[in-house]
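> Turn this into a structure:
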Amino acid sequence: MTDPVRIIPPALQATYDNWHFAPAVISNGHVFVSGIIGTSPDGELPSGALAGAEASAATYETIALQAVRDPEAQFDTAFEALSAILHHAGATLADLVEITTYHVDMATHMAAFTRSKDRYIRPPYPAWTAIGVAELLVPGGLMEIRAIARVQGRAGADPAAHH
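As a prediction, this is how the structure comes out:
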């Protein structure tokens with residue numbers, strides 16, 4: 001058995017250094033991705049999948065974090081960030097085995113969330129649990145997603161090269 005491998009994309013190095021958690025960890029053939037909220041530097045759709053996380057990770061002040069204001073764009077941004085982190089781990093969205101989503105005001109935003117999820121998650125579908133919560137760390141955050149994906153046996157996957 002190998003030691004767990006921390007997955008820290010360069011854009012999220014400050015997250016690891018300042019917030020003291022890894023964006024993802026590979027252990028026993030699976031990548032465990034920390035919770036992701038669709039953020040951006042200014043509340044608008046970001047220019048890159050990890051732009052919001054990169055801009056907001058350099059501070060301890062949660063007030064500096066900004067969720068993308070448009071709900072569906074916020075969800076898309078979270079899935080784009082998830083995809084980018086999985087890529088650094090040698091996996092893709094097709095390798096997901098489980099997702100857990102945490103929703104603020106679930107009934108209001110579930111249709112938009114489902115449209116977004118269906119653009120990114122294709123058959124065969126992973127296991128999914130949706131949980132309603134009162135609030136998330138990022139003000140304006142409507143959904144946070146955490147995920148588990150399989151990396152064992154993927155051609156070319158070298159987790160040690162991705163941190």
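
> Could you pull out the helices in this protein for me?
Applying DSSP state H to the chain gives helices spanning 13-14, 51-56, 71-88, 106-120.

> What mean pLDDT does the shortest one get?
Averaged across helix 13-14, the pLDDT comes to 88.

> can you check the second one too?
Model confidence over helix 51-56 averages 67 on the pLDDT scale.

> Write down the beta-bridge partners of Ala67, one by one.
With DSSP bridges applied, Ala67 shows beta-bridge pairing to Thr39.

> Tell me where this protein has strands.
With DSSP state E as the criterion, the chain has strands at 5-7, 24-27, 30-37, 96-104, 127-133, 143-150.

> tell me what the shortest one is packed against?
I take that to be strand 5-7. For strand 5-7, the packing partners by 3 or more Cβ pairs under 8 Å, 6 or more residues apart in numbering; DSSP states H and E come out as strand 24-27. (C-beta placed from N, C-alpha, C; glycine too.)

> re earlier: need the strands of the chain in JSON lines (columns: distance to Asp76, mean pLDDT and mean neighbour count).
Listed next are those as JSON lines, based on distance: least, Cβ to Cβ, whole Å; pLDDT from 0 to 100; neighbours: other Cβ atoms under 10 Å:
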{"stretch": "strand 5-7", "distance to Asp76": "22", "mean pLDDT": "96", "mean neighbour count": "21"}
{"stretch": "strand 24-27", "distance to Asp76": "20", "mean pLDDT": "97", "mean neighbour count": "22"}
{"stretch": "strand 30-37", "distance to Asp76": "12", "mean pLDDT": "97", "mean neighbour count": "22"}
{"stretch": "strand 96-104", "distance to Asp76": "14", "mean pLDDT": "98", "mean neighbour count": "19"}
{"stretch": "strand 127-133", "distance to Asp76": "17", "mean pLDDT": "98", "mean neighbour count": "12"}
{"stretch": "strand 143-150", "distance to Asp76": "11", "mean pLDDT": "98", "mean neighbour count": "22"}
